[in-house]
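Peer 1: Sequence first, then the predicted structure, then my questions.
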Amino acid sequence: MSETKQFDVVVYGSTGFTGRLVAKYLSQQYSGNEVRWAMAGRSEEKLAQVRDEIGAPADTPFVVADADNLDSLKAMVASTKVVLTTVGPYQLYGSELVRLCAELGTDYVDLCGEPAWMHVMIDAYQADAEKSGARIVFSCGFDSIPFDLGVYHLQNLAKEKFGHTLPRVKGRVKGMKGTFSGGTAASLKATMAAAHKDPAVMKVLLNPFSLTSGFQGAEQPHGMKPYFEEEFNSWVAPFIMAAINTRNIHRSNALLQHDYGTQFVYDEMLFTGPGEQGEATANAVANDKSMAGDKGPKPGEGPSKKEREEGFYDLMFFGSDEQGNKLAVNVTGDRDPGYGSTSKMIAESAICLALGLCDKSGGIWTPAPALGHTLIKRLEQNAGMTFNQV
């Protein structure tokens, strides 16, 4: 990657709902010469329309690329230091892009929440990425940056305070307002369709260590049923993003040479409150199947600007050990998680790679081991997020 590239970051999928939010963020945050970025999509006419709608500079470069046209994808990958892709479901549209980035040495970030596909990509292209120097970083949105970095931040504080990491961490959603993206819903549907066709896919989905390349750690909580959690005086319900976040966090631990311990246990649940009302809400959440249905946003659709700006999320990570040491960290975001905050998270992840702020070698990464404290600092400075010890 020593040759000069035309661009630092190409936003592939700029005409989609989340992609245009990313492009708008980059145009507002990095409108000078610090970052050379371009909008990419299937239609130059549509790119121009979106450029004007979001108020990006008139000279914003365009790259015409289509998942069905391999030559166009290869030209895009060769033109840039980093490909930022919002074009999902990734299991349908992302495999060739990952292959090209891994082979050509181009860094890559996405919003993937599809563990079965990620499992396949790791097996197929880890060696190529290591050889070429490409840093492939999956899951750079709400799944899984606040959770992955939340645990990472907690464990680093634990080392400072106790001299060691904590073997048991609970991720708890204290509050959240906003919708999951249409892309997330589409990815879930595509994943479940693949699992119904192929038992091997279902086996990967059910394994909390499906992304750790053969390592199997301690037994993990399944997190599928509500229960009353006495230490927090609250009912907890299953959290839909846990199925991807937990897998990524175990991969992060493996990539950090099991800094959290080989017997590390982690789960995620949603607080619903105490008493009968908390129990009723927990049961309602557990029985909610709307993400698998036809309601909610479709890919390319999403909430209004007002709804995005009124959204938020408030997460807690609680760590403990058998000696009675305890530590808690709060992670918050000041925008709708699935769109407003996600678009900033993936943009800042790409910027870290493009500006040489990541010193990791080539390979397939998760956000915490790849970008760590550097990304936390940028998210706090630029993306309306906080990471605080409780």
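Peer 2: Structure's in. What do you need? Predicted, not measured: the structure shown is a model, and the values here were computed from it. Residues are numbered from 1 along each chain as shown.
Peer 1: going forward, measure contacts between C-alpha atoms and count neighbours the same way
Peer 2: OK.
Peer 1: For the stretch 1-150 of the chain, just list every one of the strands.
Peer 2: 7-12, 37-41, 62-64, 80-85, 107-109, 135-137 (DSSP state E, counting those that start in this stretch).
Peer 1: what are the ranges of the helices in the stretch 201-350 of the chain?
Peer 2: 242-255, 275-286, 305-310, 342-354 (DSSP state H, counting those that start in this stretch).
Peer 1: quick one: which of those has the weakest pLDDT on average?
Peer 2: If you rank the helices of the stretch 201-350 of the chain by mean pLDDT, helix 305-310 sits at the bottom with a mean of 86.
Peer 1: if I look at the residue lying farthest from the centre of the chain, how far off is residue 283?
Peer 2: Checked against the mean C-alpha position of the chain, the extreme residue using C-alpha atoms, centre = their mean is residue 276, at a distance of 34.1 Å. Distance from residue 276 to residue 283, counting by C-alpha to C-alpha, to the nearest Å: 11 Å.
Peer 1: list the contacts for the closest residue to residue 47 other than its chain neighbours?
Peer 2: In this structure, residue 47 finds its nearest non-sequential neighbour in residue 15, 6.1 Å apart by C-alpha to C-alpha, 6 or more residues apart in numbering. Each residue near residue 15 by C-alpha atoms under 8 Å, 6 or more residues apart in numbering is listed here: 40, 41, 46, 47, 50.
Peer 1: Might you report the residue contacts of the residue nearest to residue 168 when sequence neighbours are not counted?
Peer 2: If the residues on either side of it in the chain are set aside, residue 168 comes closest to residue 265, at 4.9 Å by C-alpha to C-alpha, 6+ apart. The neighbours of residue 265, taking C-alpha under 8 Å, 6+ apart as the test, are 167, 168, 169, 218, 219, 220, 221.
Peer 1: What is the burial count for the closest residue to residue 56 other than its chain neighbours?
Peer 2: Leaving aside its sequence neighbours, residue 56 sits nearest to residue 27 (C-alpha to C-alpha, 6+ apart; 5.4 Å). When neighbours are counted by other C-alpha atoms under 10 Å, residue 27 registers 20.
Peer 1: per-residue confidence at the nearest residue to residue 347 once chain neighbours are set aside?
Peer 2: If the residues on either side of it in the chain are set aside, residue 347 comes closest to residue 22, at 6.2 Å by C-alpha to C-alpha, 6+ apart. Note for residue 22: predicted pLDDT of 97.
Peer 1: For residue 22, list the residues it contacts.
Peer 2: By C-alpha under 8 Å, 6+ apart, the neighbours of residue 22 are 11, 14, 343, 344, 346, 347.
Peer 1: What is the nearest of these to residue 381?
Peer 2: Checking these against residue 381 by C-alpha to C-alpha gives residue 344 as the nearest, at 11.2 Å.
Peer 1: just wondering, since we're on the nearest residue to that closest one once chain neighbours are set aside, how far is it from residue 169?
Peer 2: Spatial nearest neighbour of residue 344, excluding adjacent residues (C-alpha to C-alpha, 6+ apart): residue 383 at 5.7 Å. For residue 383, the distance to residue 169 (C-alpha to C-alpha) stands at 25 Å.
Peer 1: Low-confidence stretches in this structure?
Peer 2: 1-3, 180-181, 291-300 (pLDDT under 70).
Peer 1: same thing but 50
Peer 2: Filtered on pLDDT under 50, the chain yields the residue ranges 1-2.
Peer 1: Quick check: residue 138 touching residue 368?
Peer 2: No. Using C-alpha atoms under 8 Å as the test, residue 138 is too far from residue 368 to be in contact (10.8 Å).
Peer 1: More neighbours: those two, which one.
Peer 2: Legend: neighbour count by other C-alpha under 10 Å for residue 138 and residue 368, higher for residue 368 (30 against 24).
Peer 1: Show me where the stretch 51-200 of the chain has its helices.
Peer 2: For the stretch 51-200 of the chain, the helices defined by DSSP H, counting those that start in this stretch occupy 70-79, 90-93, 95-104, 115-132, 145-162, 182-197, 199-206.
Peer 1: Indicate which one of those helices is closest to residue 312.
Peer 2: Among these, helix 145-162 sits nearest to residue 312 (C-alpha to C-alpha), with 12.2 Å.
Peer 1: Any buried residues in that closest one, and which?
Peer 2: 145-158 (16 or more other C-alpha atoms under 10 Å).
Peer 1: want to throw those residues into JSON lines with distance to residue 75?
Peer 2: Below are those laid out as JSON lines (distance: C-alpha to C-alpha, whole Å):
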{"residue": "145", "distance to residue 75": "29"}
{"residue": "146", "distance to residue 75": "33"}
{"residue": "147", "distance to residue 75": "34"}
{"residue": "148", "distance to residue 75": "32"}
{"residue": "149", "distance to residue 75": "33"}
{"residue": "150", "distance to residue 75": "37"}
{"residue": "151", "distance to residue 75": "38"}
{"residue": "152", "distance to residue 75": "36"}
{"residue": "153", "distance to residue 75": "38"}
{"residue": "154", "distance to residue 75": "41"}
{"residue": "155", "distance to residue 75": "41"}
{"residue": "156", "distance to residue 75": "41"}
{"residue": "157", "distance to residue 75": "43"}
{"residue": "158", "distance to residue 75": "45"}
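Peer 1: Name the nearest of those residues relative to residue 259.
Peer 2: Checking these against residue 259 with C-alpha to C-alpha, the nearest one is residue 155 at 8.5 Å.
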